[in-house]
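A.B. asks: Here's my sequence, what's the structure:
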Amino acid sequence: MPVAPSSAKQVAKKALAVRKTLPMSKRAGTAVGLARANQLAKGDNMTLSTLKRISSFIARHEPNYKRARSQGKTMKDGGVILAMALWGYPGIKSWVNQQINKLDKGE
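C.D. replies: Now for the predicted structure:
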């Protein structure tokens, strides 16, 4: 099974670190998002199912991420930006789609 690229690993690590510095009321990320961030940060193997969940999460939240970025938001003041970073975004987007295609083809 594939392991996420270092860019996604670093984004997830940074997101976890930033999240710890924020007050509870500003800590974006669900239990699943935190689990994903820890999985990425550790360099764990990704199953096809996990890759598809990452891709789906990105597809759902990317428009809000882009809107928040255009407003000048960061991980510290933009919940969607922090949440997406926990999932390794943006470093993981093209990689995850490539891996899904490879695994779907049985490569």
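
A.B. asks: Need the single longest helix in this protein, by residues.
C.D. replies: Across the chain, the longest stretch assigned as helix under DSSP state H is helix 48-70.

A.B. asks: Does anything pack onto that helix? Which helices or strands?
C.D. replies: helix 31-42, helix 79-86, helix 93-104 (3 or more C-beta pairs under 8 Å, 6 or more residues apart in numbering; DSSP states H and E). Just so you know, the C-beta spots here come from the backbone N, C-alpha and C atoms, and that holds for glycine as well.

A.B. asks: Show me the contact partners of it.
C.D. replies: Contacts of helix 48-70 with the rest of the structure, by C-beta atoms under 8 Å, 6 or more residues apart in numbering, involve 2, 36, 39, 46, 78, 80-81, 83-84, 87-89, 92-93, 96-97, 99-100, 103-104.

A.B. asks: which of the helices and strands packed on helix 48-70 is buried the deepest?
C.D. replies: helix 79-86 (a mean of 25; mean count of other C-beta atoms under 10 Å).
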